[in-house]
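1. Sequence unavailable; structure follows:
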């Protein structure tokens, strides 16, 4: 998109947020945003051809960018890696509008939108790992993003129903999920190091490690940098 188109897309998204609590991520919301910003409805439709779905996905991508910007302002040098991951997901939720996320989750839960939902969540996990400097080249590239996608999805669902002050219960839930992941990684390491367990139980891990991460941007979620 040109700079002017990008600006128009951003203005439409910003205006749409005020209408989402009433009309959801929908064609009505896009039309209201176009009227409010004075942008030609034809241009609005060209920028967001699937109306509410494309608006919701744009909002999701905006959340990823804001997370990156927030991480860039933090001193991460004293944090353990698990703490960096937890901080990234927490920062992403802290800048999000709960009702906008709730409406997006409802829309993306529809069967016809499942591929877009999976791609959006995977790209969030990909953004976290790339921002934190992930250098994995083998199957760990996939497993890290798959596991973090599950952690992120579960945390978002918990957050949507969390009424605790400052979302304290959500952050505790997130810490527990990451602790579960660490326990899995420790178990995997013990299996790989065991001459008794590795020949059989270690087979899935050896197969996973034989994979290679994508070597160029393509139609699959994630990217190589």
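-> Thanks, I have it. Note that the coordinates shown come from a computational prediction; the quantities given were computed from them, not determined experimentally.
2. how does the protein divide up, domain by domain?
-> 1-49, 63-209 (automatic domain parsing).
3. Could you tell me the least trusted of those domains?
-> Looking at the domains of the chain, the lowest mean pLDDT belongs to domain 63-209 (a mean of 88).
4. What segments of the chain are strands?
-> Read by DSSP state E, the chain holds no strands at all.
5. those helices in it, which residues are they?
-> With helices called from DSSP state H, the chain shows them at 3-16, 20-23, 27-37, 41-47, 52-72, 81-94, 98-108, 114-131, 140-160, 168-193, 198-201, 203-209.
6. any chance of those helices in CSV, plus mean neighbour count?
-> Quick note: C-beta positions are derived from backbone N, CA and C, even for glycine. Shown next, in CSV, are the helices of the chain (neighbours: other C-beta atoms under 10 Å):
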stretch, mean neighbour count
helix 3-16, 16
helix 20-23, 16
helix 27-37, 19
helix 41-47, 16
helix 52-72, 19
helix 81-94, 19
helix 98-108, 18
helix 114-131, 19
helix 140-160, 18
helix 168-193, 14
helix 198-201, 12
helix 203-209, 13
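7. Would you check how far apart the closest residue to residue 21 other than its chain neighbours and residue 45 are?
-> Spatial nearest neighbour of residue 21, chain neighbours left out: residue 99 (4.9 Å); criterion: C-beta to C-beta, 6 or more residues apart in numbering. Distance of residue 99 to residue 45, computed by C-beta to C-beta, to the nearest Å: 25 Å.
8. Residue 19 now?
-> Distance from residue 19 to residue 45, counting by C-beta to C-beta: 16 Å.
9. Good, wrapping up.
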